[in-house]
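Engineer: generate a structure from the sequence data that follows.
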Amino acid sequence: MVITKKSSPGSAIRLSDPFLEREKSQYNNPLPSREFVLQILAQQGVPMQFGELAAVLEITDEEQPLFERRLRAMERAGQVLINRKGEVCVADKLDLLPCRVSGHKDGFGFAVPDGVTGEDIYLPEREMRKAMYGDHVMVRLAGTDRRGRREGRIVEVLERAQSTLVARAYFDHGVGVAKAEDRRIGQELLLEPEGHGGAGHGQVVMLEIVSYPDEHRPAIAKVIEVLGNYADPGMEIEVALRKHDLPHVFSDAALAQAAATPAKVRKKDLDKSRVDLRSLPLVTIDGETARDFDDAVFAERQGKGFRLVVAIADVSHYVQPGDALDGDAVARGTSVYFPRRVIPMLPEALSNGICSLNANVDRLCMVADMQISAKGKIKGYRFYPAVMNSKARLTYTQVWDWLQQGSDSPLLPQLQTLHQLFQVLLAARTRRGAIEFESVETQMVFNEHGKIDKIVPVTRNDAHRLIEECMLAANVCAADILLKNRHKCLFRTHEGPTPEKLLNLRNYLRLLGLALGGEDKPTPKDYAELAEKVALRPDAPVVQTMMLRSMQQAVYAPDNVGHFGLAYDAYTHFTSPIRRYPDLLVHRAIKAVLAGGKYKPGKWLALGEHCSMTERRADDASREVQAWLKTYYMQDKVGEVFSGKISAVTGFGVFVLLDDLYVEGLLHISELGKDYFHFKKEQQAIVGEKSGLQYRLGDAVQVRVVRANLETVQVEFALATRSVPAAGEEKAPTKRKSSRSRSKAKPLAIVAAVEDVSPLVEEVTPTEPPSPAPARRQPARNRRAKPAVTPEAVVADVVPPADTLAPVSTSAIESTPEPVAVERAKRPPRRRRTS
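Structural biologist: Numbering: from 1, shown residues only. This next block holds a predicted model:
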């Protein structure tokens, strides 16, 4: 062993570290930077023992534990590999690739290289025995398989993704095995003989992994919680919470702090900086079932223009940086809205109590006070803390009725002023070129057993959109004040389409005789003009779907790149601090600006990535629960015939969204006819080789429900008739075989602003998992195995799919301040991502 000397970090070799200043700014006792460690290893030209490397870098005895931790972190990041001899090696020189493992239920998998675009690496079943889905591994390329795919070998597991998981337990003669609920984990787990935890055969359990799998033995686990039987009411939510690692139990410290928080505004809360708005007739306008109220609004005429006051709950007064409530809130990142259940970001004492702008009680708030011209331009604004007293808790339905039919309420004049302002702001949005698409939002109606009774369309009205426009204005002003004062924060960013996605869109439009303006860099206005151009075409939903797929995902980030979908140069989230952590950060930053200081929560980039992750995590969990409930709902409809439209085309079949039930399922390629069918990506079609029969995105079909499989959370269809009118063509009258397939009313379209689309790319265009090539060509109808389609592969609820397409995955506009009814199939307006 090489003994390191006790030298100063200011020694000559350490001073030559090109990233020394960066390390000094982050650590009191800086170590050699990762880049410098790699540089020294490269200069030595051979793998080095830990002690040898420490000696070269003059690591002191006191620094050794920290330096070893740094090397381990570099190993997890795939920068170095510590081999069996304890030698530190540069990973790039070993022809190794750091990858994430993606599994398949049939046992094989893929290694997805870190930060590298291109083809994934195929992992045969024998390699997948070494790892589980999500593991971070080092992979060595091992040539190609007989289908020409890159094949790899797992050299080392750098970091395990799973320590606990949800599974189904099974027992045979006292031996327990478990099958993960996540179908991407194909391996069965062996239960410890003493680790059954009282679980019964077939019950859903939470497991803790005791030992991980290798080439010769399976993973071993023990039961740490028995959740119950799979069909128990609410079990789908319990599974989703644990499967997606959603924090759902508040810490004792957070609950204690919430209990100690005063239930009323106190005199000492009203310092001199707070403006008294208690006489201003602010009102909240929310859904009928809303329980937390983030925002209140007031508008009045000022000359030819308007004054708009948006008051937002002052959560930052009660949740301080680093306290127990803050710790739980940042871990959750967002409230999660399931059908009939909410997992709040803050305890109920705050979310429904002292922070909520309930009617006729004093509440602290942060105010965006704006002056808006008759053309809808924000001429000026100011932010300030205030105290308010909401004069009414109004609902969207109530406000819209008043605006249409009149009312003797003294609040009607200001509501009419708000509606006039909305029309002005909406016209400004159109001139700005913000993108809007039409979609249908749905609501699940439940029976007393917690299962779906029916799924119905929901009509949004001007009261919804009025609030949305007010929230958009406040969010824009919040971004502006932080930019002008050069204060860091998390912006809500939405970049334009990537070149690859743009090319796919242009190729598809060309087939329809359409074109998108802007050449290589289309603007939001180019998209908006195309959407307007096709709005009256029969195939408008299909074109809009393809337009949405071309866009990127909106994220939280400290570097402002604007918001493409909304056509804003800068945008952030300010209006929902009760249920979105980024909004709470923005409140703190604005307060710091008003006080002439700086708010430094830590690393803004890491916070942005974390908040983006928690938002997607919540979306995935909510979507999965909806898919399970819909699959259960379809079980008693097996054999019935419904009309629908093709909502996605893949290499293994098409997905069909039923017209009246708003449920989607798979029409497998083997059900399309006795022919060889080929997927034409550019045309978004599957075409029969001999018959020429085509199944295209948007085509109308009649299907029979053949299976509703709760194990795979998948609804499967078969064709009820072979005739397929082209998308947009007039359909000949057909006699439907089920009264259930008869449309009772055509739902009004909902205009949705555009925000988030990356889930669409993953879920609407799944590809069939590869399988070994057959020895000879075989008819697809009889030979091709049906792949299991996970909930992530199913487009849900709308045309275009509401919870996978950009804006509608959460609400018509992301700025909508409150979640609509918990029963709603889509995520509440809070996250309708276009803002």
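Engineer: from Asp569, how far off is the residue nearest the centre of the chain?
Structural biologist: Taking C-alpha atoms, centre = their mean, the centroid of the chain lies closest to Arg616, which sits 2.1 Å from it. For Arg616, the distance to Asp569 equals 25 Å [C-beta to C-beta, to the nearest Å]. Every C-beta, even on glycine, is put in place using the N, C-alpha and C of the backbone.
Engineer: on that earlier part again, helix, strand or coil: sort out the residue nearest to the centre of the chain for me.
Structural biologist: helix (DSSP: H, G, I helix; E, B strand; the rest coil).
Engineer: what are the structural domain limits within the chain?
Structural biologist: Per automatic domain parsing, the structural domains of the chain span 12-90, 95-159, 164-230, 252-489+574-622, 497-550, 641-737+758-804.
Engineer: mean pLDDT lowest for which of those?
Structural biologist: Of all the domains of the chain, domain 641-737+758-804 carries the lowest average pLDDT, namely a mean of 67.
Engineer: for the stretch 351-500 of the chain, which segments count as helices?
Structural biologist: With DSSP state H, counting those that start in this stretch as the criterion, the stretch 351-500 of the chain has helices at 396-405, 412-432, 462-484, 499-511.
Engineer: let me have those helices in TSV, adding mean neighbour count and distance to Met546 as columns.
Structural biologist: Below are the helices of the stretch 351-500 of the chain laid out as TSV (neighbours: other C-beta atoms under 10 Å; distance: least, C-beta to C-beta, whole Å):
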stretch	mean neighbour count	distance to Met546
helix 396-405	17	31
helix 412-432	18	22
helix 462-484	23	25
helix 499-511	16	5
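Engineer: any idea which of the ones you listed gets closest to Lys105?
Structural biologist: Nearest of the helices of the stretch 351-500 of the chain to Lys105, taken as C-beta to C-beta: helix 499-511 at 28.5 Å.
Engineer: for that closest one, which helices and strands make contact with it?
Structural biologist: helix 540-549 (3 or more C-beta pairs under 8 Å, 6 or more residues apart in numbering; DSSP states H and E).
Engineer: and the helix it packs on, what's buried?
Structural biologist: Ala540, Pro541, Val542, Val543, Gln544, Thr545, Met546, Met547, Leu548, Arg549 (16 or more other C-beta atoms under 10 Å).
Engineer: export those to CSV and tack on distance to Asn447?
Structural biologist: Listed next are the buried residues of helix 540-549 as CSV, based on distance: C-beta to C-beta, whole Å:
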residue, distance to Asn447
Ala540, 35
Pro541, 31
Val542, 35
Val543, 38
Gln544, 34
Thr545, 32
Met546, 38
Met547, 38
Leu548, 34
Arg549, 36
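Engineer: return the member of these nearest to Glu689.
Structural biologist: Val542 (23.9 Å).
Engineer: circling back: Tyr633 is nearest to which of the domains of the chain?
Structural biologist: domain 252-489+574-622 (4.1 Å).
Engineer: ends of the closest one, what's the gap?
Structural biologist: In domain 252-489+574-622, first residue to last residue: 26 Å (C-alpha to C-alpha, to the nearest Å).
Engineer: return the distance of that domain from the chain's centre.
Structural biologist: 20 Å (C-alpha atoms, centre = their mean, to the nearest Å).
Engineer: number the residues from 381 up from this point.
Structural biologist: From this message on, residue numbering opens at 381, which makes the last subject domain 632-869+954-1002.
Engineer: returning to that earlier point: how near is the residue nearest to the centre of the chain to Ala934?
Structural biologist: 11 Å.
Engineer: quick one, strands of the stretch 631-780 of the chain?
Structural biologist: 655-656, 664-666, 675-682, 685-693, 716-718, 721-723, 742-752, 758-769, 773-775 (DSSP state E, counting those that start in this stretch).
Engineer: elements contacting the second one?
Structural biologist: Strand 664-666 is packed against strand 675-682, strand 773-775, helix 776-785, helix 842-864, with contacts defined by 3+ C-beta pairs under 8 Å, 6+ apart.
Engineer: and of those, who's closest to Leu446?
Structural biologist: Closest approach to Leu446 among those is made by helix 842-864 (35.7 Å; C-beta to C-beta).
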